[in-house]
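1. Okay, structure incoming, though there's no sequence with it:
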């Protein structure tokens, strides 16, 4: 029987990894839900962001916050540029899957060309510092990552729900023609949304750089589980993505704590299948 | 009568083998160490092979590529192979065994010889094609010896045909000799086939040696979150942790344990990425398996000093974080040494002739002298135990392989 400490620690671990799933899934969910683009390049952007933060903070010696403040706005611009390309060539939902996969491969090759395929680790003291709460340890960076994931998810939800721009985005996603008749400029909103999604990828990348050892092909290891999070959470639903990230993260972690860790992916994908069977309207 | 005849013939063959070994050493030494009399000329000898240049195994694949390129350049600056230049027709298998198979099929024409890829899965794919085409296959990182059934395959990863028993035994003997009070063990292993194979063996050996197994966990290759596994290891608090990990997994587990303010008392890592583990503070004292490290006695092997120097130059130029020539680099280089020795000694590019010669002769490599006449074409067990000491990997066991003045360090 696992101890209470083990269960508590595993629960914390699951919550934190769930936060990262949500961070990675947020931008993907927005572009899929509102722009009808299944943007696989989102993972490549996150890892490019991670490598850039590693380069700026780990190699060039900039403060981490400064590195993040360079990378995130730059990614917003990159996201806008990507959307302009998608719009220019009228890339549809399923074509976007192929096009963005190609873009991911190109970014992976560029990362490998510049940083080589060798593993890179951003070593800094805070990266492995933990706070002790009774018998439990709370890793500082992972806790911060979770807080950022919660803040961004809540903020995005509130933005979409309560601001005129958010309402326009939702209207445009639901019925572009009628929204346009009411003066909603879908093109400009799409640029804003794509930029925001890419900026979220930059934020996720910063935390990946701070928490993980980097290698170019690692980006593909996250695709399956983050797709599961996005589908489970509902397309374009920031709070759903956060909740789904937590459900999958915690279920994986608790499974690893009480049974064989090899069962972890099985449990999380079983949850996904059950939800899709019982609530097929999620996509 | 019969037995005396057999003794006579055995004596004759032993003498002949000795003579051939001397010839092989001589041929190899002449071709590599001594400046060439004439530059290679004529059509190049084309040697086809694939490498994991992209994909999850690319970090190590690149090390093999560098090492192979060094050898080919050395040979082409010297006398070449049979007086002809060597061209390495290298294709990227993207770390995918299925693609490796397709690419080796392409080598049915257009190349004179083939050479093995990196990693067990791809080697097995290449081996199936080589067998179908009747090609010689020298390979260097086959992690499950018993799966290599083709008679014209020659393994350089000489860690024993029964490595799943012999290597863990060697490791536990080293730990016992160091005086480590190890009574309990936790085994955490990836299900990556070559890793799982050795971890299961280690589990059996630990049982036979009377160690109390506190924890045995398997995780999927590609696992991203080691928090819960780290918590379970901390709860078990074993005297010794066997981490059957590959690539980054060891670092990820140690990172996760550090966040729980826990450091295992003694820890072994099967196939870690060498740089991150050696350079991370929590990697201090980590044990692993090796066949070559850049220090004596390995550096005394013929050609090793020059190879280590050249590799370091290239690795630094390529901005590799761990530029020392380690086991992977040496395996990448030695693979070519064996091919070259066979071609030079037989003056042939015929696969069957080369295979026959390799089975009958020892070849001197940077890893040491190698033979291929045992079960599955395996020879002597050259494996050793290495440890991170002061940010560097050094060999610590067995004593004859240990770096001068270095001992297995206990906490």
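-> Yep, it's here. Treat the numbers as computed from the prediction; the structure is a model and nothing was measured. Residues are numbered from 1 along each chain as shown, chains lettered A, B, ... in the order given.
2. Up against chain A, what does the stretch 151-300 of chain B have?
-> B:191, B:217-220, B:222-225, B:227-229, B:231-232, B:235, B:247-248, B:251-252, B:255-256, B:258-261, B:273, B:275-276, B:279-280, B:282 (C-beta under 8 Å from any C-beta of the partner chain). Using the backbone N, CA and C atoms, a C-beta is placed for each residue, glycine as well.
3. Next, count neighbours for the closest residue to chain A within the stretch 151-300 of chain B.
-> Closest to chain A within the stretch 151-300 of chain B is residue B:227: 2.6 Å, counting by C-beta to the nearest C-beta. Neighbour count for residue B:227, taken as other C-beta atoms under 10 Å in any protein chain shown: 31.
4. Now that it has come up, it's in contact with residue A:14, right?
-> Yes. Here residue B:227 lies in contact with residue A:14, judged by C-beta atoms under 8 Å, at a distance of 7.5 Å.
5. Mutual contacts of the two, please.
-> residue A:253 (C-beta atoms under 8 Å, 6 or more residues apart in numbering or on different chains).
6. residues near residue 176, how many?
-> I'll assume chain A. 14.
7. oops, chain B please
-> By other C-beta under 10 Å, neighbour count at residue B:176 equals 12.
8. For it, give me its contacts.
-> Under the criterion of C-beta under 8 Å, 6+ apart, the contact list for residue B:176 reads residue B:182.
9. check which helix or strand covers it.
-> Taking DSSP states H and E as the definition, residue B:176 sits inside helix B:163-177.
10. same question for that helix, mean pLDDT?
-> Average pLDDT, helix B:163-177: 96.
11. do the same with stretch B:224-238
-> 94.
12. Determine how far it lies from the middle of the whole chain.
-> Per C-alpha atoms, centre = their mean, to the nearest Å, the displacement of stretch B:224-238 from the mean C-alpha position of its chain is 30 Å.
13. re the thing from before, which of the residues of the stretch 151-300 of chain B next to chain A fall within helices?
-> In this view, those that belong to helices under DSSP state H are B:227-229, B:231-232, B:235, B:251-252, B:255-256, B:258-259, B:275-276, B:279.
14. show me where pLDDT drops low in chain B?
-> B:1-37 (pLDDT under 70).
15. Which helix or which strand is home to the residue of chain A found nearest chain B?
-> Proximity of chain A to chain B (C-beta to the nearest C-beta) peaks at residue A:13, 2.6 Å away. In this structure, residue A:13 sits in helix A:4-35 according to DSSP H and E.
16. now that helix and helix B:227-236, what's the angle there?
-> 180 degrees (axes from the mean of the first three to the mean of the last three C-alpha atoms, to 10 degrees).
17. what's the average pLDDT for the helix or strand following helix A:4-35?
-> Of the helices and strands lying after helix A:4-35 in sequence (DSSP H and E), the nearest is helix A:41-53. Mean pLDDT, computed over helix A:41-53, is 97.
18. immediately after helix A:41-53, which helix or strand?
-> Going down the chain from helix A:41-53, the next helix or strand is helix A:64-88, by DSSP H and E.
19. Name the residues that touch that next one?
-> Contacts for helix A:64-88 (C-beta under 8 Å, 6+ apart): A:35, A:37, A:39, A:41, A:45, A:49, A:52-53, A:56-57, A:62, A:91, A:96, A:99, A:103, A:124, A:187, A:190-199, A:201-203, A:205-206, A:210.
20. Pull out the buried residues from it.
-> A:64, A:67-68, A:70-72, A:75-76, A:78-80, A:82-83, A:86-87 (16 or more other C-beta atoms under 10 Å in any protein chain shown).
21. Return the closest of those with respect to residue B:91.
-> residue A:82 (31.6 Å; C-beta to C-beta).
22. what about that closest one, distance to residue B:289?
-> Distance of residue A:82 to residue B:289, computed by C-beta to C-beta, to the nearest Å: 45 Å.
23. what's the answer for residue B:103, then?
-> For residue B:103 relative to residue B:289 (C-beta to C-beta), the value is 29 Å.
24. same question, residue B:188
-> Applying C-beta to C-beta to residue B:188 and residue B:289 gives a distance of 16 Å.
25. now swap in residue A:98 and tell me
-> Taken as C-beta to C-beta, the span from residue A:98 to residue B:289 is 43 Å.
26. quick one: which of those two has more around it?
-> More crowded of residue A:98 and residue B:289, by other C-beta under 10 Å: residue B:289, with 21 against 12.
27. sorry, back to before: dump the residue contacts of the residue of the stretch 151-300 of chain B closest to chain A.
-> A:9-10, A:12-14, A:16-17, A:253, B:256, B:259.
28. now with 6 Å?
-> A:13, B:256 (C-beta atoms under 6 Å, 6 or more residues apart in numbering or on different chains).
29. same check, this time on residue B:52
-> B:58, B:61, B:93, B:95, B:118.
30. cutoff 8 Å now
-> Residue B:52 touches B:58, B:60-61, B:92-95, B:117-119, B:122, counting by C-beta under 8 Å, 6+ apart.
31. Phi and psi next, for it.
-> phi -80, psi 80 (degrees, to the nearest 10).
32. likewise the one 3 residues further on?
-> According to degrees, to the nearest 10, the main-chain angles of residue B:55 amount to phi 90, psi -180.
33. how many other residues sit next to it?
-> Count around residue B:55 with other C-beta under 10 Å applied: 20.
34. Was I right to think it contacts residue B:94?
-> Yes. Counting by C-beta under 8 Å, a contact exists between residue B:55 and residue B:94, whose distance comes to 4.5 Å.
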